[in-house]
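Chemist: compute the structure for the input listed below.
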Amino acid sequence: MVFKKMLGALGVGGPSVDTVLSNPNTRPGLPLTGQVNLTGGKNDVELAHITLGLVTRIEVDSPHGGDHSTVGEFHRTAVAGRTKLAAGQQLSIPFQVDMPWETPVTDVYGQRLHGMTMGLRTEVAIDRAIDKGDLDHVAVHPLPVQERILEAFSRLGFRFKGADLEYGRLHGVHQSLPFYQEIEFYPGPQYAHGISEVELTFVANPQTVEVVLEFDKRGGMFVGGHDAYGRYTVPHSHADTADWAQVVDGWVRQAVEARQTFFASRGGFAGMGGHGKSHGHGGHRGGGMGGMVAGAALGVAGGMIAGEMIEEAFEDDGGDFGDFGE
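Modeler: Okay, here's the model as predicted:
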C-alpha cells in the first residue's frame, strides 16, 4: 500500500512524502523493506531526519480502574539523517526495518486476527517541525512454529475468540517489548467440561519460541474455578518434526486434569507452570467472538476477519501516538 501526504506541519508549499513497501507481508525477525520517496516543495529545505516507526494498538490499565486502548510506537528505525532537498527535487531513499522477534502476529493464513492492527509510520523533521505522516498497513504472519501450534488448536476443535496486546510483563519470561499478545480461544468440545477459555502468548527470540498458556478452569459444585498456567520452550527447528496436535493436546489435558498448576510439558519440550502476569498499568481485555474462517487447505478455526485499513482502525485516536519503545 502507498500513501502520499503533504507535510502540513512543515508549512504550505513544503515537501511531500510517498512511502512504498516492497511487500507489506512479513514475519517476526524478518526485514520489512521499501523506499521513502520525497518531493521538494517551493523552497530548498534541509531535513533533520527521516525515521520509521512500527505502531500498534495496546490495552492499558488505568491507575484509577478500568482499561483503555491506546496507539503506541514500539520500534524505530532511522532512514536518513540531515538531508538537503531542493525545491521540486525528487529523492528516493531505500530502507530496511528489521522486525523485532516479539512482534505480535496480525494475520494467519491471509486473514486478519480480529482485534489486531499494525502500521508503519513515517516521521520527517525539519529543525523543530516534525510531521508524523500517515500509516502504512503491515501484515505480520506467524513463524513456522507459531503457525503449527495455531493449526493444532484448530484441529483440536478450539474456536478463535479474539486477540489483543496487553501492556505488562510475563513472570519469568524475558521480554524486550513492554507488552505481550494474547490470542484467545474457546475450548474444543472434548475439553469444555474442564476449561472455559484458553489464552495463548508467543514470545520469540532467534533460537526459540516461549509458549505461555493460561487456562480458565471451570469450577465444580463445591470447587470454584481458577486459572492454570503453562510455559513451554520450543526450538524453531522443531516446527516440522513434532506431532503438534498431540503436543498441544498434552498441554491442554494437563491443565484439565491437574489439581494444581502443572510443571511439565509433553513431547520433549521444556515446560514450567505458573508464569503469572504483571500488567503494571496494563490490563486484561477479552475480544468478541468471531465466526469461522477456512485457513488455507488445512483449515483454521476462525473469528479471523479481514481487518480494516490501518487508517480507519486508528482514525479515532486523534493523533495520540505514544511511545512503547525500546
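Chemist: low-scoring stretches of this protein, by residue?
Modeler: 1-12, 64-65, 133-134, 218-227, 258-326 (pLDDT under 70).
Chemist: and what about the most centrally placed residue in it, helix, strand or coil?
Modeler: With distances taken as Cα atoms, centre = their mean, Pro104 lies nearest the centre of the chain, 2.1 Å away. With DSSP: H, G, I helix; E, B strand; the rest coil as the basis, Pro104 sits in coil.
Chemist: before we move on, what about Glu151?
Modeler: helix.
Chemist: how many neighbours does it have?
Modeler: Other residues lying near Glu151 total 22 when counted by other Cβ atoms under 10 Å. Placement of C-beta: from N, CA and C, glycine included.
Chemist: from what I can see it touches Trp244, true?
Modeler: Yes. If you go by Cβ atoms under 8 Å, Glu151 and Trp244 touch, sitting 6.9 Å apart.
Chemist: residue boundaries of the strands in the stretch 151-300 of the chain?
Modeler: Secondary structure of the stretch 151-300 of the chain (DSSP state E, counting those that start in this stretch): strands at 159-167, 169-170, 179-186, 195-204, 208-217, 226-235, 270-272, 277-278.
Chemist: for the third one, packing partners?
Modeler: If I follow you right, that is strand 179-186. strand 159-167, strand 195-204 (3 or more Cβ pairs under 8 Å, 6 or more residues apart in numbering; DSSP states H and E).
Chemist: in its sheet, what does the last one sit against?
Modeler: Paired neighbours of strand 195-204 in the sheet (DSSP bridges): strand 179-186 (antiparallel), strand 208-217 (antiparallel).
Chemist: for Asp131, what are phi and psi?
Modeler: Note on Asp131: its backbone torsions stand at phi -120, psi 120 [degrees, to the nearest 10].
Chemist: neighbours of it, how many?
Modeler: 20.
Chemist: how much space between it and Ala87?
Modeler: Going from Asp131 to Ala87 by Cβ to Cβ, to the nearest Å gives 18 Å.
Chemist: could you do Ile195 as well?
Modeler: Applying Cβ to Cβ, the value for Ile195 to Ala87 is 65 Å.
Chemist: let me have the helices and strands packed on strand 179-186 in CSV, adding distance to Gly119 and mean neighbour count as columns.
Modeler: CSV is the format used below for the helices and strands packed on strand 179-186 (distance: least, Cβ to Cβ, whole Å; neighbours: other Cβ atoms under 10 Å):
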stretch, distance to Gly119, mean neighbour count
strand 159-167, 13, 23
strand 195-204, 21, 21
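Chemist: minimum distance to Thr77: which of those has it?
Modeler: Of all the helices and strands packed on strand 179-186, it is strand 195-204 that lies closest to Thr77, at 19.1 Å by Cβ to Cβ.
Chemist: ok, residues contacting that closest one?
Modeler: Applying Cβ atoms under 8 Å, 6 or more residues apart in numbering, the contact partners of strand 195-204 are 28-29, 101-102, 105, 142-143, 146, 149-150, 153, 158, 161, 170, 173-175, 180-187, 209-218, 225, 252, 255-256, 286.
Chemist: and it, how far out from the chain's middle?
Modeler: 14 Å (Cα atoms, centre = their mean, to the nearest Å).
Chemist: do stretch 158-174 as well
Modeler: Counting by Cα atoms, centre = their mean, stretch 158-174 comes out at 10 Å from the chain centroid.
Chemist: ok, now stretch 114-124?
Modeler: Distance, centroid of stretch 114-124 to centroid of chain: 10 Å (Cα atoms, centre = their mean).
Chemist: again, but for stretch 67-86
Modeler: Centre to centre, stretch against its chain (Cα atoms, centre = their mean), the figure for stretch 67-86 is 18 Å.
Chemist: all further residue positions should be reported with the first residue as 159.
Modeler: Sure, I'll start numbering at 159, so the last one becomes stretch 225-244.
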